[in-house]
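*Asks:* Using only what follows, build the 3D model:
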Amino acid sequence: MGYEYEDLDDSQFERLVVQVMRKLFGAGVQDFAAGRDGGRDALFNGTAERFPSSTKPWTGKTVGQAKHTNALNAHYSDPDFSGSAESSVLTKELVRIKNLVQAGDLDNYILFSNRRLGAITASELTKRIATEVGIAEERVFLAGLEYLDQMLHEHRDLITLARIIPADGPLIASSQDCAEVILAISAVLSTPPPVGTQVPVERVSYAEKNRLNQMTLEFAEALSKRYLIETRQIESFLADPGNNEIRMLYESAVDDFQLKIIAIDRSISLSITCITTWLTCCLSAMGFSLAISG
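*Replies:* Below you'll find the model as predicted:
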């Protein structure tokens, strides 16, 4: 299974691409920086160490670009990425690349993206790029998901060199896990559950929890009025042994949020009530109404 590039943010992906290029071209690859035309490029000027091969390396000015997406199962052939429309990502970039070629600032072009790239698409796009910007096809290279996975397999230190820490990524839990939890709860809780028989136990007050979770009074009151009454039923559902698989998905989503929030601010302490409230908000936003008994 390949690396989950979709969980990176754009800056993390750019750092990874720079390290990949340094493995291929050498230490002289410059980090991504904004150019005068507003584009972000990585640059190398000289003779590559081993790209496309050590016997026949690229020479001259090489421009590298990184096009990251958070979408799952994205492809180079997607119309919004490489279509002929003026609004597509590639069409917009080709205008910039052509200007660099005409100004004498580009001899070779390499594009990285965490998208799947088939042989036919690679051939067609390489020919299109070369024709439209005015360079030879052998001076164009497209690196897709498969190529990135191969580089990570061959060079185990790339993630470390790129200073990528999983918990520092964007604050997103698995959408698939969240969707399965939400749909399962909505299906089971369509009818009111029986009144609980558990003996009440002493718990931390909501005022104290709000303080620990750094909630403002206004935010806490809004949650209490709209969602908090539904948390007991959700917790009962997750505690049922028959829902163990759903509970594991739920806990996975909670872990994603906790680890990433702690990485952002280690002073934040999240309680299960806070995360459950988030899940309840998702349910309500999707139009599911939980019946409460007792």
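
*Asks:* Tell me the buried residues in stretch 33-53?
*Replies:* 39, 41, 42, 43, 44, 48, 51 (16 or more other C-beta atoms under 10 Å). C-betas here are computed from N, CA, C, even on glycine.

*Asks:* and which of those residues is nearest to residue 99?
*Replies:* residue 39 (9.6 Å; C-beta to C-beta).

*Asks:* Which element, helix or strand, includes the residue nearest to the closest one when sequence neighbours are not counted?
*Replies:* In space, and not counting its chain neighbours, residue 39 is closest to residue 96: 4.9 Å by C-beta to C-beta, 6 or more residues apart in numbering. Using DSSP states H and E, residue 96 maps to helix 89-102.

*Asks:* pLDDT value on the nearest residue to residue 185 once chain neighbours are set aside, please?
*Replies:* Nearest residue to residue 185, sequence neighbours excluded (C-beta to C-beta, 6+ apart): residue 237, at 5.7 Å. If you check residue 237, the pLDDT there is 79.

*Asks:* shouldn't residue 237 be in contact with residue 243?
*Replies:* Yes - Residue 237 is in contact with residue 243 according to C-beta atoms under 8 Å; the separation is 5.9 Å.

*Asks:* how far away is the closest residue in space to residue 22 that isn't next to it in sequence from residue 61?
*Replies:* Once flanking residues are discounted, residue 22 sits nearest to residue 29: 4.7 Å by C-beta to C-beta, 6+ apart. Counting by C-beta to C-beta, to the nearest Å, the gap between residue 29 and residue 61 amounts to 12 Å.

*Asks:* which residues do those two both contact?
*Replies:* Residues touching both residue 29 and residue 61 by C-beta atoms under 8 Å, 6 or more residues apart in numbering: 43, 44.

*Asks:* of these two, who's got more company?
*Replies:* Taking other C-beta atoms under 10 Å, residue 29 and residue 61 do not tie; residue 29 has more neighbours (23 against 17).

*Asks:* got the contact list for that one?
*Replies:* Contacts of residue 29 by C-beta under 8 Å, 6+ apart are 18, 21, 22, 42, 43, 44, 64.

*Asks:* Redo the residues you listed as a markdown table? Include distance to residue 132 and secondary structure.
*Replies:* Output for these, formatted as a markdown table (distance: C-beta to C-beta, whole Å; DSSP: H, G, I helix; E, B strand; the rest coil):
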| residue | distance to residue 132 | secondary structure |
| --- | --- | --- |
| 18 | 26 | helix |
| 21 | 23 | helix |
| 22 | 28 | helix |
| 42 | 21 | strand |
| 43 | 21 | strand |
| 44 | 22 | strand |
| 64 | 18 | strand |
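
*Asks:* what ranges do the helices span in the chain?
*Replies:* 10-24, 79-82, 89-102, 119-133, 145-154, 158-161, 175-188, 206-212, 217-226, 231-239, 244-264, 272-285 (DSSP state H).

*Asks:* Of the contacts of residue 29, just say which sits nearest to residue 12.
*Replies:* Of those, the one sitting nearest to residue 12 (C-beta to C-beta) turns out to be residue 18, at 10.9 Å.
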